[in-house]
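Engineer: Everything below, folded, please.
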Amino acid sequence: MSSERLVFRKQNKSLKLRYLAFIILFGSILFFQFSLQLQSNNQEKRKEIPLQHEVVVALKLVQVYVTDKKGKPVPDLIQSDFEINDNGKIMPFSHFEKHVVSLPETAAVVQETALSPEAVPKIGRKFFLFFDLGFSDPNGIIKAKKAGLHFVDTQVQPSDEVGVISYSTSKLLTLHEYLTTNHKKVRQVVEGLSVFSGIGRAEKLEDYFLSRFMEEIGRDDIKAEFNENEFLARLVRERSGFSVDENRRSSYMQQIANFSVSIKNLAQSLRYIPGAKNIVFFSGGISKSALYGTGTAADIPEDPFVSHEAIVRYSNALEGAYPDSGLLKNYEGMIQELKASNCNVYTVDISRNLNEANVDNLGSMTLVRRTAGGEDSLKQLSSQTGGKYYGNTMDYRKIVEDIQNTTGAYYVLGYSIDEKWDGKYHKIKVKVKRKGCEVYGQGGYFNPKPFKDYTGYEKLLHIIDLALSDNPQFQAPIELPSIALPVFANGETRFMAVSQIPQEKLQDISGPQTEMITLVFDEQSNVRILEGKRVNFSEAGQDKFYPYAIHPLPPGKYYCRIVLRNLETGRAARASSVLLIPESVGSGLRLYPPLLLKIEQNSKFIQGSKNLSLFDLYPFNSSYYAPIFGELSAGIPTIFAAVRCSGPSLPSPEVNLTAHLIDLLSGDAIPVSLNMINRSRENQTQICFVELALGKLRPGRYTLYFIAHEANGTSKSQTATIFTVK
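Structural biologist: Numbering: from 1, shown residues only. Sure, this is the predicted structure:
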């Protein structure tokens with residue numbers, strides 16, 4: 001596992017009740033600041049046990065891009081061409097990779113020399129498509145969407161991880177889609193992006209955590225450190241009309257401040273995602289005069305489509321002649337955080353030229369950008385983070401192709417470090433010995449720090465990473481076994497997912513402050529189920545815990561994930577499964593896949609959903625039986641099964657149930673003795689609890705078939721499940 005991890009700093013923010021409406025409006029950021037206050041209050045009620053982190057030797061991976069003096073990639077370097085300096089010390093490196101990425105239809109070329117024996121995680125290209133909706137006009141946003149879609153369609157490699165972010169004056173920062181190789185979903189998000197809404201999975205997680213926080217903390221406990229003037233200024237910003245020029249100027253300045261703080265928070269949260277993060281930033285930029293000053297309105301060039309009086313009026317009234325040193329300091333601090341987090345920002349200027357529209361028909365904020373321009377702010381952002389600036393052009397194809405060429409050849413260097421949990425920054429420098437080469441890469445890294453010091457926004461990205469990533473960047477979670485089964489209950493189709501946590505894997509995530517989150521995605525990767533609750537794994541005397549969730553779902557194919565996270569340590573476990581829910585039968589019988597069980601005592605089942613319990617669907621004695629997760633130890637001659645059979649008019653007398661077993665290696669049929677222990681009825685469903693005598697099975701894979709048929713009819717149904725004997 002890469003040693004890069006996210007650094008978190010504790011923030012204690014609260015809000016006054018009178019500002020509740022404002023909080024909800026800007027909840028995407030405020031929630032992250034407030035959630036830690038709730039957790040801190042809970043922690044003060046009990047004695048904290050300091051967490052001890054051992055110093056371990058870890059492999060530090062560094063990703064660099066190398067170009068010649070003309071900006072073209074240099075793809076033919078070897079390990080001996082590089083030299084790494086960490087805090088002034090030259091480090092011998094034991095891992096080397098070379099990647100040459102061409103067009104999507106051509107596979108990437110990878111050369112790897114791994115001298116270290118441990119498994120090394122691969123670092124690929126990472127892109128965030130960042131749409132600035134706050135400092136851009138509608139035409140610019142349309143232009144940005146076309147460029148983003150072209151980038152996804154023509155330049156992205158199958159192994160590239162891509163995310164989608166936006167910024168707006170109302171929601172501030174929104175993470176629509178986290179880093180994913182599901183480029184179809186990324187395209188869907190970009191295509192549906194507007195000033196007012198998004199459709200990303202990560203965005204749904206943001207909204208969910210905000211609403212849950214508001215419910216848990218209670219509105220009477222919400223307080224704020226915002227002063228009266230700042231609050232009023234933000235309210236003024238949202239008004240549709242202004243009568244005082246100073247209000248307009250203050251509003252614009254406040255937007256710049258909000259933007260800088262939001263992006264700074266994001267940059268701090270991206271610190272420990274390994275490798276370079278390439279941010280393609282579509283924006284009109286921040287007004288030059290607000291950050292750097294422009295002199296007077298007389299210094300602004302004349303334009304045939306804009307009256308000089310209009311320029312004077314807007315320039316003097318909204319911005320003034322002098323820069324705001326505080327805003328510039330905040331903006332430069334934001335850039336430094338992006339640089340420290342190894343974020344290369346490629347700025348694409350999507351502002352409109354003055355001759356594209358009549359100024360009198362433009363909003364005041366848009367006109368300010370035209371009279372003063374945002375080019376300088378975008379150039380500073382790109383040049384200081386190792387990216388590039390692309391001027392106001394309609395040729396977006398050329399822009400995205402240039403970004404592809406710039407990032408198309410990169411190297412990954414790995415060296416051993418003593419990993420310490422102190423959060424300190426290490427400055428690194430990579431040198432290429434070949435003359436004429438320019439190196440672009442991370443300027444340093446931060447040591448990890450305890451989870452209790454994470455900021456609220458960092459904790460949000462942490463759970464999004466666990467929930468959405470196939471290969472989480474922040475940590476390697478404990479991967480748990482899982483079963484997902486379709487059922488028909490109370491007149492509708494549902495899914496049931498259950499997982500298992502053995503005692504030996506429980507210590508990192510157990511405790512009174514553990515959250516359980518259930519996520520279900522459809523085939524288009526849309527979130528269909530998102531539910532969470534606090535659970536307690538601290539009950540003594542239990543050998544295994546079985547968290548489960550049950551929810552209604554229409555027929556279809558789904559991907560289920562249960563995430564468990566200790567809110568004090570940050571350690572997490574998760575279980576993943578795939579589920580196919582068939583159409584409910586119109587006539588006859590439907591036998592649903594069985595829940596296989598074994599004899600096991602001293603287990604605890606934990607419900608993660610609010611409706612039906614596991615034992616409503618599968619009535620068995622939880623103190624005596626536990627699920628089988630696809631594997632069976634050799635020598636166990638008997639197992640058990642809970643089987644559900646449904647039909648529009650379930651016949652009476654009861655249906656008959658038989659079973660047989662097939663050895664998948666030999667194809668031989670193995671006789672199975674089925675003993676009916678118990679039957680029960682639930683409207684149109686019969687539930688059978690049976691004992692299966694398997695005999696002595698040799699190691700291998702087996703298919704267990706169940707057949708249900710009417711005792712006095714012709715209707716029958718069959719289902720099957722596969723398990724392994726080890």
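Engineer: Now Leu553: closest residue in space, sequence neighbours ignored.
Structural biologist: Excluding the flanking residues, the one nearest Leu553 by Cβ to Cβ, 6 or more residues apart in numbering is Phe495, at 5.1 Å. Every C-beta, even on glycine, is put in place using the N, C-alpha and C of the backbone.
Engineer: wait, I meant Gly88
Structural biologist: Lys427 (8.0 Å).
Engineer: Cross-check the contact I'm expecting between that neighbour and Gly444.
Structural biologist: Yes. In this structure Lys427 lies within contact range of Gly444 using Cβ atoms under 8 Å: 4.4 Å.
Engineer: So for those two, which residue has more residues nearby?
Structural biologist: Gly444 (17 against 12; other Cβ atoms under 10 Å).
Engineer: Tell me how far that one lies from Met334.
Structural biologist: 17 Å (Cβ to Cβ, to the nearest Å).
Engineer: Over to Arg271?
Structural biologist: For Arg271, the distance to Met334 - Cβ to Cβ - is 14 Å.
Engineer: And these two? Which one has more around it.
Structural biologist: Applying other Cβ under 10 Å to Arg271 and Met334 shows that Arg271 carries more neighbours, namely 25 against 20.
Engineer: Look at that one and give its secondary structure.
Structural biologist: Secondary structure assignment for Arg271 (DSSP: H, G, I helix; E, B strand; the rest coil): coil.
Engineer: and what of Gly436?
Structural biologist: When the rule is three-state DSSP, Gly436 gets the label coil.
Engineer: gap between it and Glu83?
Structural biologist: Counting by Cβ to Cβ, the gap from Gly436 to Glu83 is 16 Å.
Engineer: which of those two has more neighbours?
Structural biologist: The residue with more neighbours, out of Gly436 and Glu83 and counting by other Cβ under 10 Å, is Glu83; that gives 15 against 10.
Engineer: Are we agreed that the more buried one is in a strand?
Structural biologist: Yes. With three-state DSSP as the criterion, Glu83 is assigned to a strand.
Engineer: Looks like it contacts Cys437 (just checking).
Structural biologist: No. Taking contact to mean Cβ under 8 Å, the distance of 12.0 Å between Glu83 and Cys437 leaves them out of contact.
Engineer: just the helices in the stretch 301-450 of the chain please.
Structural biologist: Counting by DSSP state H, counting those that start in this stretch, one finds helices in the stretch 301-450 of the chain at the ranges 308-314, 325-340, 364-372, 375-385, 396-406.
Engineer: so can I have CSV of the ones you listed showing mean pLDDT?
Structural biologist: Listed next are the helices of the stretch 301-450 of the chain as CSV, based on pLDDT from 0 to 100:
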stretch, mean pLDDT
helix 308-314, 50
helix 325-340, 88
helix 364-372, 43
helix 375-385, 91
helix 396-406, 86
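Engineer: Which of those sits closest to Leu291?
Structural biologist: In this view, the helices of the stretch 301-450 of the chain are compared for proximity to Leu291 by Cβ to Cβ, and helix 325-340 is the closest at 4.9 Å.
Engineer: Let me see the domain layout of this protein.
Structural biologist: Taking automatic domain parsing as the reference, the chain has its domains at 17-48+126-406, 56-123+409-447, 477-725.
Engineer: ok, the nearest residue to Ile399 once chain neighbours are set aside - contacts?
Structural biologist: Spatial nearest neighbour of Ile399, excluding adjacent residues (Cβ to Cβ, 6+ apart): Tyr390 at 4.7 Å. With contact set as Cβ atoms under 8 Å, 6 or more residues apart in numbering, Tyr390 has these partners: Tyr346, Thr347, Val348, Asp349, Ile399, Asp402.
Engineer: buried subset of those residues?
Structural biologist: Tyr346, Thr347, Val348, Asp349, Ile399 (16 or more other Cβ atoms under 10 Å).
Engineer: returning to what we had before: find the pair from the contacts of Tyr390 with maximum spatial separation.
Structural biologist: Among those, the pair separated by the greatest distance (Cβ to Cβ) is Asp349 and Asp402, at 14.0 Å.
Engineer: which regions of the stretch 1-150 of the chain lie under the pLDDT threshold?
Structural biologist: By pLDDT under 70, the weakly predicted segments of the stretch 1-150 of the chain are 1-57, 102-122.
Engineer: hmm, 90 instead?
Structural biologist: Screening the stretch 1-150 of the chain residue by residue with the criterion pLDDT under 90, one finds the ranges 1-75, 93-95, 97-124, 133-143.
Engineer: How about the stretch 601-726 of the chain?
Structural biologist: Counting by pLDDT under 90, the stretch 601-726 of the chain has low-confidence residues at 601-604, 606-612, 622-623, 633-637, 646-656, 671, 680-686, 695-696, 709-716.
Engineer: Repeat the analysis, applying 50 as the threshold.
Structural biologist: For the stretch 601-726 of the chain, applying pLDDT under 50 flags no range at all.
Engineer: can you map out the helices along it?
Structural biologist: Listed in chain order, the helices of the stretch 601-726 of the chain (DSSP H, counting those that start in this stretch) span 614-617.
Engineer: which one of the contacts of Tyr390 sits closest to Asp508?
Structural biologist: Nearest to Asp508 among the contacts of Tyr390, with distances taken as Cβ to Cβ, is Tyr346, at 38.9 Å.
Engineer: so what's the spatially closest residue to that closest one that is not a sequence neighbour up against?
Structural biologist: Residue nearest to Tyr346 in three dimensions, not counting chain neighbours: Gly387, with 4.4 Å by Cβ to Cβ, 6+ apart. When contacts are counted by Cβ under 8 Å, 6+ apart, Gly387 is found next to Asn278, Ile279, Asn344, Val345, Tyr346, Thr347, Leu381.
Engineer: Dump those residues into CSV; add distance to Tyr410 as well.
Structural biologist: As requested, these are exported to CSV (distance: Cβ to Cβ, whole Å):
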residue, distance to Tyr410
Asn278, 10
Ile279, 16
Asn344, 11
Val345, 17
Tyr346, 15
Thr347, 20
Leu381, 22
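Engineer: how about those residues, which pair is most distant?
Structural biologist: Checking the contacts of Gly387 against each other with Cβ to Cβ, the farthest-apart pair comes out as Asn278 and Leu381, at 13.6 Å.
Engineer: Please tell me how far Asp508 sits from Pro477.
Structural biologist: Looking at Asp508 against Pro477, where the rule is Cβ to Cβ, the gap reads 10 Å.
Engineer: Secondary structure element holding the residue nearest to Leu553?
Structural biologist: strand 492-499 (DSSP states H and E).
Engineer: now what about that strand, what contacts it?
Structural biologist: Under the contact criterion Cβ under 8 Å, 6+ apart, strand 492-499 has outside partners 480-488, 518, 520, 546-555, 558, 560, 562, 575, 577, 579, 581-582, 584, 595, 612, 614, 617, 627.
Engineer: ok, now with 7 Å
Structural biologist: Contacts of strand 492-499 from elsewhere in the structure, counted by Cβ atoms under 7 Å, 6 or more residues apart in numbering, are 480-487, 520, 546-555, 558, 560, 562, 575, 577, 579, 581, 584, 614, 617, 627.
Engineer: List the ones among those that fall in helices.
Structural biologist: Residues from those lying in helices, with DSSP state H as the criterion: Leu614, Leu617.
Engineer: Quick check: pLDDT value at the nearest residue to Asp376 once chain neighbours are set aside.
Structural biologist: Here the nearest residue to Asp376 in space, its sequence neighbours aside, is Lys288; by Cβ to Cβ, 6+ apart that works out to 4.8 Å. The predicted local distance difference test score for Lys288 is 77.
Engineer: Then Val359?
Structural biologist: Taken from the predicted model, the pLDDT recorded for Val359 is 39.
Engineer: And for Ala467?
Structural biologist: In the prediction, the pLDDT value recorded for Ala467 is 87.
Engineer: pretty sure it is in a helix, no?
Structural biologist: Yes. When classified by three-state DSSP, Ala467 is found to be part of a helix.
Engineer: distance of it from Leu205?
Structural biologist: Taking Cβ to Cβ as the criterion, Ala467 is separated from Leu205 by 6 Å.
Engineer: Helix or strand: which one has the most centrally placed residue in the chain?
Structural biologist: In the chain, the residue lying closest to the centroid (Cα atoms, centre = their mean) is Ile464, at 3.3 Å. In this structure, Ile464 sits in helix 456-468 according to DSSP H and E.
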